[in-house]
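K.L.:
Got a predicted model here, sequence first, then my questions.
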Amino acid sequence: MFRVNDNYQKLPGSYLFSTIAKKVSAYQEANPDRKLIRLGIGDVTQPIAPAIIEAMHKAVDEMSRAETFRGYAPDLGYDFLRNAIAENDYKARGCDISADEIFVSDGAKSDSGNIQEIFAADNRIAVCDPVYPVYVDSNVMAGRTGTYDPATETWSNVIYMPCTKENQFVPDFPKETPDMIYLCLPNNPTGTTITKAQLQEWVDYANRVGAVIIYDGAYEAYISEENVAHSIYECEGAKTCAIELKSFSKNAGFTGVRLGYTVVPKELKCGDVSLHAMWARRHGTKFNGAPYIVQRAGEAVYSEAGKAQLKDQVAYYMKNAATIKNGLKEAGYEVFGGVNAPYIWLKTPDRMTSWEFFDYLLETANVVGTPGSGFGPSGEGYFRLTAFGAYENTLEALERIRSL
Ligand code: MLT
């Protein structure tokens, strides 16, 4: 008789955003006349920029002719895209990352879930709390997290680094020494970040204790402050301790197109073992390359026209962020984030739990957000709103919340 991977049975509930989607669908079905405004999952709403659409059309046409048709993509990514990434995201910022250290993928969610596969089963992970749920859930599936305590909503073998208003959402170094440290900066869900000097301390810490940092930079395009690093490789010594994950979803609206990349520097080693070689082996075995059309779209992100159009798109969402943040502040809410990230993180009013506030907002304002406790126990009492909505909807949502 076959047996299943028991680790999956340990996962409590369904994936956060699936749970929310189900709740929202049930509400909408029961109340078909209500116009819901969805500021829950961080999904973009603006169309793909013209320069990118043009590149995609061109690539589609190439697929229609035998001379320019492409089959399997190179498993680690086309050179034209890897070179554009190396040039624009790294060399232009003074980071010494070469094109062959960049692994193109179908998005940062897959990479952030898969990357743990190249590490030992008994490694200890450390995560910020609250945190993007994929990091913990994927380690649960791999059997790395120990047992779940429903009372505290924590795993026995995970080191939690609380990030709350009390520590300005800056994680402290953990008391126990981790092997793998997940950092998402600017942060999802809190929308806050740390300075480059503080990030340098994390890099120094990881090198000192022999830990690897898995650095999720999905929201990098939203950084507005000078003293915040756009890549962990801006920090001295990061190439010997850090893997960086990047997404095209939030900076270029590719949530439905799917494209991302992971940087594994050649200097990153465990003894004599190269993590770069391991990830190349894993990628080559389990992934057949992102589609040609999508990689051409990715290349266009770095064209002059693409850059200008995306700057406007990011500004559009950040205007939403400022609108929500200022509007809620004026209405007496305690609000965080929204300066270097498209997320607003607020304290729930009247000591409501995160899920109580979720239901309250859904039912009375018909606005969907994300309960903070879904991201970890320290997210209890907080709530996340995304700035990725259309401006008109954002304004309306704000009005509805303010008039509660
Ligand atoms: C979020 O809402 O946290 C993200 O959009 C989810 C994701 O990127 O997978």
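P.N.:
Received, thanks. Residues are numbered from 1 along each chain as shown.

K.L.:
rest of the way, CA atoms for contacts and neighbours
P.N.:
Will do.

K.L.:
contacting residues around the residue nearest the centre of the chain?
P.N.:
Among the residues of the chain, the one closest to the centroid is Ala218, at 4.6 Å (C-alpha atoms, centre = their mean). For Ala218, the contact set (C-alpha atoms under 8 Å, 6 or more residues apart in numbering) comprises Ala108, Cys184, Leu185, Pro186, Leu245, Lys246, Ser247, Phe248, Ser249, Lys250.

K.L.:
Show me these that map onto helices.
P.N.:
Per DSSP state H, helices hold the following members of those: Ala108, Ser249, Lys250.

K.L.:
Can you name the residues that contact the last one?
P.N.:
Taking C-alpha under 8 Å, 6+ apart as the definition of contact, the neighbours of Lys250 are Val44, Ala218, Tyr219, Ala221.

K.L.:
Ok, the first one next?
P.N.:
With contact set as C-alpha under 8 Å, 6+ apart, Ala108 has these partners: Asp216, Ala218, Leu245, Lys246, Ser247, Leu259, Gly260, Tyr261, Thr262.

K.L.:
switch the cut-off to 10 Å
P.N.:
114, 216-218, 244-249, 258-262 (C-alpha atoms under 10 Å, 6 or more residues apart in numbering).

K.L.:
Give the full set of residues in contact with Ile293.
P.N.:
Ala55, Met56, His57, Lys58, Ala59, Val60, Asp61, Glu62, Met63, Arg70, Val257, Glu299.

K.L.:
any chance of these in CSV, plus pLDDT?
P.N.:
Converted to CSV, the contacts of Ile293 look like this (pLDDT from 0 to 100):
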residue, pLDDT
Ala55, 98
Met56, 98
His57, 98
Lys58, 98
Ala59, 98
Val60, 98
Asp61, 98
Glu62, 98
Met63, 98
Arg70, 98
Val257, 98
Glu299, 98
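
K.L.:
which residues in the stretch 51-200 of the chain form helices?
P.N.:
Using DSSP state H, counting those that start in this stretch, the helices of the stretch 51-200 of the chain run over 79-85, 108-114, 133-141, 196-209.

K.L.:
State which one residue of the stretch 51-200 of the chain is found closest to the ligand.
P.N.:
Lys109 (5.6 Å; C-alpha to the nearest ligand atom).

K.L.:
Which ones among the contacts of Ala108 lie within strands?
P.N.:
Asp216, Glu244, Leu245, Lys246, Ser247, Gly260, Tyr261, Thr262 (DSSP state E).

K.L.:
Need the helices of the stretch 51-200 of the chain in TSV (columns: distance to His283 and mean pLDDT).
P.N.:
TSV is the format used below for these (distance: least, C-alpha to C-alpha, whole Å; pLDDT from 0 to 100):
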stretch	distance to His283	mean pLDDT
helix 79-85	15	98
helix 108-114	10	98
helix 133-141	17	97
helix 196-209	25	98
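
K.L.:
Reformat those as TSV; add distance to Leu395.
P.N.:
As requested, the helices of the stretch 51-200 of the chain are exported to TSV (distance: least, C-alpha to C-alpha, whole Å):
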stretch	distance to Leu395
helix 79-85	35
helix 108-114	30
helix 133-141	29
helix 196-209	33
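
K.L.:
Of all those, which one is nearest Val367?
P.N.:
helix 133-141 (22.1 Å; C-alpha to C-alpha).

K.L.:
Okay, the residue nearest to the centre of the chain and Ser354: tell me how far apart.
P.N.:
25 Å (C-alpha to C-alpha, to the nearest Å).
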